[in-house]
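1. fold the following and give me the result.
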Amino acid sequence: MVFPTVVLAAPNAALLSVYSSRADLRKAFDKAANYRAAGSGAGYLVDLEDWARQYGWKELPSLSAYAPASTPPARVGQAAMPTTTASSYVVVDKSSGIVLAAHRADVVWPIASLTKLMTAQLALDSGTRLSKAFPVKSEDDVGGAKLYVTSGDTFTLDGLLYATLVGSANNAANALIRSTGKSKADFVKDMNARASALNLGRTKYVDPTGIETGNVSTARELSIVAAQAFARPDIKRYTTTAKASVSVLSQGTVKTISNTNWMLWKPQYDDVFVTGGKTGYLDESGWNLAVSLRPSAKNEKRELLVVLFGASSRASSFEDADALSVWAWKNFK
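-> Model (predicted):
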């Protein structure tokens, strides 16, 4: 399955007219930088069109083209936000794209292994057959989570993707580059080009695994990357697998990998239905999480996307996401 390259749409004429008449918008969004957020005036918003989709269509009839395709959520409760350990977060209604809650969602943060959501998309978009075999080499090991293999052991691309997105194996993520035929430097350039195409001005990649602190984003910008990833059937398949069996072709053995996202398999999260997720951790970032979830499997219209950075522990990241989603379901119809 090959997905087309993302192409950024330009603001429509009505929005450009509003922009030219509003000093606050001109200060918040830089025309010379494709109307990206510029300074604190933009808050968590990514660009001018993000403002139009979140707020502009409600304020001005001329911006009706930016209204959500589905009915936006209505506030029905006034419960206080839950206390979380996360340093920043954003909660998004998946069907409308409306942000329901945000806390320091414009703060640039090391994203750790949430990087792999972009890495996996580019590997899949290369068009390489999932059944084609590739080696994992000793130089792919950069520390952190990994597949314990002998240098040169081979896996299908499908197996490498399971190892990358289920087990968050850094050496598997580096091996994915090999499947595209590109150098690491060129692959990272492609990662940044994709972020730029999404107009994510505060997102930067320096390696495909997330082991480097130079991989950064904001909770809001990462929510856009995650929403695109979790909307894909291929990424959804990997990121909703609680336990994967991956064949080591060169050895004739099988490795069993448990998902780092506990919300898929721990009983305390049986009250939510996970439709996608990825975890990340560095000493410098704390525990990061991007997860899409529903109150039940059939309740598609109530699906949320939660991205949070800097939770105090692995368990706390899931508890924070659970608490934020329960708050949203109680307070919005």
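2. quick one: the closest residue in space to Asp106 that isn't next to it in sequence from Ala229, how far?
-> Nearest residue to Asp106 in three dimensions, chain neighbours excluded: Tyr44, at 4.4 Å (Cβ to Cβ, 6 or more residues apart in numbering). All C-beta atoms are positioned from the backbone trio N, CA, C, and that covers glycine. Computed as Cβ to Cβ, to the nearest Å, the Tyr44 to Ala229 distance reads 20 Å.
3. which one's more surrounded, these two?
-> Under the criterion of other Cβ atoms under 10 Å, the comparison of Tyr44 against Ala229 puts Ala229 first, with 25 against 21.
4. just to check, that one is in contact with Ala123?
-> No. Using Cβ atoms under 8 Å, Ala229 makes no contact with Ala123, being 11.9 Å away.
5. neighbours of the residue lying closest to Ser131 once chain neighbours are set aside, how many?
-> Of all residues not flanking Ser131 in the chain, Thr156 sits nearest, at 5.5 Å (Cβ to Cβ, 6+ apart). Counted with other Cβ under 10 Å, the neighbours of Thr156 add up to 18.
6. tell me the phi and psi of Thr156?
-> phi -70, psi 160 (degrees, to the nearest 10).
7. make 216 the first number, not 1, from now on.
-> All set: I'll call the first residue 216, so the last point we hit is now Thr371.
8. now it: how far from Gln336?
-> 18 Å.
9. repeat for Ala512
-> Using Cβ to Cβ, one obtains 25 Å as the distance from Ala512 to Gln336.
10. tell me which of the two has more neighbours.
-> Neighbours were counted for Ala512 and for Gln336 using other Cβ under 10 Å; Gln336 has more, 19 against 9.
11. next one, pLDDT for that one please.
-> pLDDT, Gln336: 98.
12. show me what counts as buried in stretch 447-463.
-> For stretch 447-463, a neighbour-count test (16 or more other Cβ atoms under 10 Å) marks Arg447, Asp449, Ile450, Lys451, Tyr453, Thr454, Thr455, Thr456, Ala459, Val461, Ser462, Val463 as buried.
13. sort out for me which of the residues you listed are in strands.
-> Residues of the buried residues of stretch 447-463 located in strands (DSSP state E): Ala459, Val461, Ser462, Val463.
14. quick one, what contacts the second one?
-> Okay, so that is Val461. Leu362, Phe370, Gly374, Tyr377, Ala378, Val469, Lys470, Thr471, Ile472 (Cβ atoms under 8 Å, 6 or more residues apart in numbering).
15. for the fifth one, which non-adjacent residue is spatially closest?
-> With Cβ to Cβ, 6+ apart as the criterion, Ala378 has its nearest non-adjacent residue at 3.7 Å, and that residue is Ala387.
16. again, but for the last one
-> Distance criterion Cβ to Cβ, 6+ apart; nearest residue to Ile472, sequence neighbours excluded, is Gly382 at 3.9 Å.
17. repeat that for the third one.
-> Using Cβ to Cβ, 6+ apart and skipping the chain neighbours, the partner closest in space to Gly374 is Val461 (4.3 Å).
18. same question, the first one
-> The spatially closest residue to Leu362, leaving aside those adjacent along the chain, is Ala384, at 4.7 Å (Cβ to Cβ, 6+ apart).
19. name the residues of whatever helix or strand Glu534 lives in that are buried.
-> Glu534 is part of helix 529-546, with elements assigned from DSSP states H and E. Neighbour-count burial for helix 529-546 flags 529, 531-540, 542-544, 546 (criterion: 16+ other Cβ under 10 Å).
20. quick one, what contacts Leu415?
-> With Cβ under 8 Å, 6+ apart, Leu415 has these contacts: Val261, Ser432, Glu436, Ile439, Val440.
21. in strands only, show me these.
-> Using DSSP E, those in strands are Ser432.
22. ok, so of the contacts of Leu415, who is nearest Val291?
-> Ile439 (26.6 Å; Cβ to Cβ).
23. what's the burial count for the spatially closest residue to that closest one that is not a sequence neighbour?
-> Ranked by Cβ to Cβ, 6+ apart and with sequence neighbours excluded, the top spatial neighbour of Ile439 is Leu413, at 5.8 Å. By other Cβ under 10 Å, 18 other residues sit near Leu413.
24. try Leu464
-> Leu464: 15 neighbours (other Cβ under 10 Å).
25. now the residue lying closest to Lys397 once chain neighbours are set aside: which helix or strand?
-> Take Lys397 and drop its neighbours on the chain: the residue closest to it by Cβ to Cβ, 6+ apart is Asp405, 7.2 Å away. According to DSSP H and E, Asp405 maps onto helix 399-412.
26. if anything else comes up later, I'll come back, but that's it for now.
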